[in-house]
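A.B. asks: need a 3D model of the sequence below.
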Amino acid sequence: MPIISTAIVDIMPSSSSLAGVSTAPIVLVPGFWLGAWAWDNVVAALRADGHDVTAITLPGLESPDADRSEITLSDHVEAICRTVTAKGTPVVLAVHSGAGVPGYAASDRIPDRLAAMVYVDSGPAAHALNAAFDATELPLPSWPELEAGGSSLEGLSGEQLAAFRERAVPEPGAALRETPRLADERRVDVPSIVVCASMSSDQIKAAVEAGHPWVGELAELRDVSYVDLPTGHWPMWSRARELAVILGDVAWRPTRRLGGVHTLRAVPDLLQDRELVLERQDLVDLAALEMPPCTARWFPPVKGCARSVARACAS
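C.D. replies: You can find the predicted model right below:
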């Protein structure tokens, strides 16, 4: 059973107070169509706070001209494991969107190398991203198609959308079709934090309760926490500084086993004030809770995924 407790109030130290403090390295993995560049603002904020942070580009996503015809999910898992292992010490592994699948598989491969997993508008899944996908690659859909599929663009400026469109690289088709291989039960003991951006923590827990496959593995994890960061599906752009503070807080306390539901409270100016206040919030009884509408926005933007989660929440 997962660790369940009420949330606590945590204060993230300023960058100056990190001097002499041992923090876990942070590895960032972007979701569909993105490279390491997608994390640039988060990386800059974390490094300004003194963190060791590395963002990676998964194989096949290096450029539009890259040969991705034979890139598999296993290749993505291997790239993540290689980067994490190279750090030589347990890391905080943060994965966004569809990277939750190879990220979770990596936690199965190298659980002892992880201080914590952070699922950014994502979650652990034990199945293929899209087993029925039969093309060589999946290009970035139009904005209306993305939103119709449940991927919220909330908080993104016209400039950010233009950069996304210009720099997006198609996803390797074989990576979507492959089922992750899971064999080491120690993965369920890795402390895991879900950053809930386009869906609330209440909605995610409802989907878990409903047994939806995209979040079903959350029910298996023994130590899960939720952080609400309301925005769209790409918080590394719409709320980069706040996301950096959340990740830094996890890295600052890598041995703390978090539990409960954390709600991000407004701070006057997180770019100036480097403290993150997490508001105490009691856990709720899911059986007695009347759930708000569930749009399943944060799930990987594969056709039909978000809609099927919404149906699970509504049932």
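
A.B. asks: use CA for all of it now, contacts and neighbours both
C.D. replies: Fine.

A.B. asks: do you know how far the most centrally placed residue in the chain is from Arg68?
C.D. replies: In the chain, the C-alpha nearest the mean C-alpha coordinate belongs to Val120, at 2.2 Å (CA atoms, centre = their mean). Noted for Val120: a distance of 25 Å to Arg68, by CA to CA, to the nearest Å.

A.B. asks: verify the stated contact: the residue nearest to the centre of the chain with Ser198.
C.D. replies: No - between Val120 and Ser198 there is no contact under CA atoms under 8 Å: 10.0 Å.

A.B. asks: who touches the helix or strand harbouring Val95?
C.D. replies: Secondary structure from DSSP states H and E places Val95 in strand 91-96. Around strand 91-96, the neighbours that count as contacts under CA atoms under 8 Å, 6 or more residues apart in numbering are 24-31, 84, 103, 113-122, 247, 250-251, 254.

A.B. asks: among those residues, which ones are in strands?
C.D. replies: Using DSSP state E, the members of the contacts of strand 91-96 that fall in strands are Ile26, Val27, Leu28, Val29, Leu114, Ala115, Ala116, Met117, Val118, Tyr119, Val120.

A.B. asks: how many residues are close by the closest residue to the third one other than its chain neighbours?
C.D. replies: I take that to be Leu28. In space, and not counting its chain neighbours, Leu28 is closest to Ala55: 4.5 Å by CA to CA, 6 or more residues apart in numbering. By other CA atoms under 10 Å, 20 other residues sit near Ala55.

A.B. asks: what's the spacing between Ala55 and Ala79?
C.D. replies: In this view, Ala55 and Ala79 are 12 Å apart by CA to CA.

A.B. asks: likewise Ala251?
C.D. replies: Taken as CA to CA, the span from Ala251 to Ala79 is 21 Å.

A.B. asks: show me the contacts for the residue nearest to the centre of the chain.
C.D. replies: By CA under 8 Å, 6+ apart, the neighbours of Val120 are Ala94, Val95, His96, Ser97, Val194, Val195, Cys196, Ala197.
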